[in-house]
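Trainee: can you look at this prediction? I've put the sequence above it.
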Amino acid sequence: MPLSASADPEKIRIAVLPFVNLSQDPDQEYFSDGLTEEMTAQLGRVRPDRLGVIARTSAARFKRSGRSIEEIGRELRVDFVVEGSVRQSGGRVRITAQLVDVSDQTHLWSDTYDGTLADCLAFQGRWPVGLRVRWRSSCCRRRSSASPPAAPRMRRRIRRI
């Protein structure tokens, strides 16, 4: 069964994996969970007719699972995953997010926010836009060189997002 076996073969499927709390304080776990939920919700608003975002609760079971991106992708039947981490110290926070192609486990996009907690909400708002722009160019380039027969179909799917 192909990784992206969905009702609509033109729809790209993505999962946002739980963000990892790298802070020393386990009480900050709520913050990383909130980031995961926010990213899932924001991506869900980006062309829902063309981008299928897996429910947060479905992806949440992979928190600290130790499973590979390939295994997670196969189980969730997704083309891409977003993974990330958060570190907090005092009033400062560093948030990193990456888009990973499940087929070869390579990073296609990455962004980092390093600043205050007060400003991190504005940063989160720009993620889907940056991800979408980078995704379109990277995925089209990667797919066309990696697998020529599948490249035109993947380019069409990504351009619709």
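Mentor: On my side now, so go ahead.
Trainee: pretty sure Glu83 contacts Gln98?
Mentor: Yes - at 5.6 Å, Glu83 counts as touching Gln98 under the criterion of CB atoms under 8 Å. Every residue, glycine included, has its C-beta placed from N, CA and C.
Trainee: which SS state does Ile95 fall under?
Mentor: Three-state assignment for Ile95 (DSSP: H, G, I helix; E, B strand; the rest coil): strand.
Trainee: quick one: it from Glu70, how far?
Mentor: Shown here: Ile95 relative to Glu70, a distance of 25 Å by CB to CB, to the nearest Å.
Trainee: look at these two and report which has more neighbours.
Mentor: Taking other CB atoms under 10 Å, Ile95 and Glu70 do not tie; Ile95 has more neighbours (23 against 13).
Trainee: quickly list what the more buried one is bridged to.
Mentor: Counting by DSSP bridges, Ile95 forms beta bridges with Val86, Tyr113.
Trainee: does it touch Glu38 like I think?
Mentor: No - here Ile95 lies out of contact with Glu38, judged by CB under 8 Å, at a distance of 10.4 Å.
Trainee: neighbours of Asp25, how many?
Mentor: 10.
Trainee: from Glu10, how far off is it?
Mentor: Counting by CB to CB, the gap from Asp25 to Glu10 is 44 Å.
Trainee: and Val78, by the same measure?
Mentor: Distance, Val78 to Glu10, using CB to CB: 15 Å.
Trainee: neighbour-wise, which of the two wins?
Mentor: The residue with more neighbours, out of Val78 and Glu10, is Val78; 24 against 12, by other CB under 10 Å.
Trainee: separation between Ser58 and His107?
Mentor: 23 Å.
Trainee: doesn't Met39 lie inside a strand?
Mentor: No - using three-state DSSP, the secondary structure at Met39 is helix, not a strand.
Trainee: hmm, it is touching Ala15, no?
Mentor: No - counting by CB under 8 Å, Met39 stays clear of Ala15, with 10.5 Å between them.
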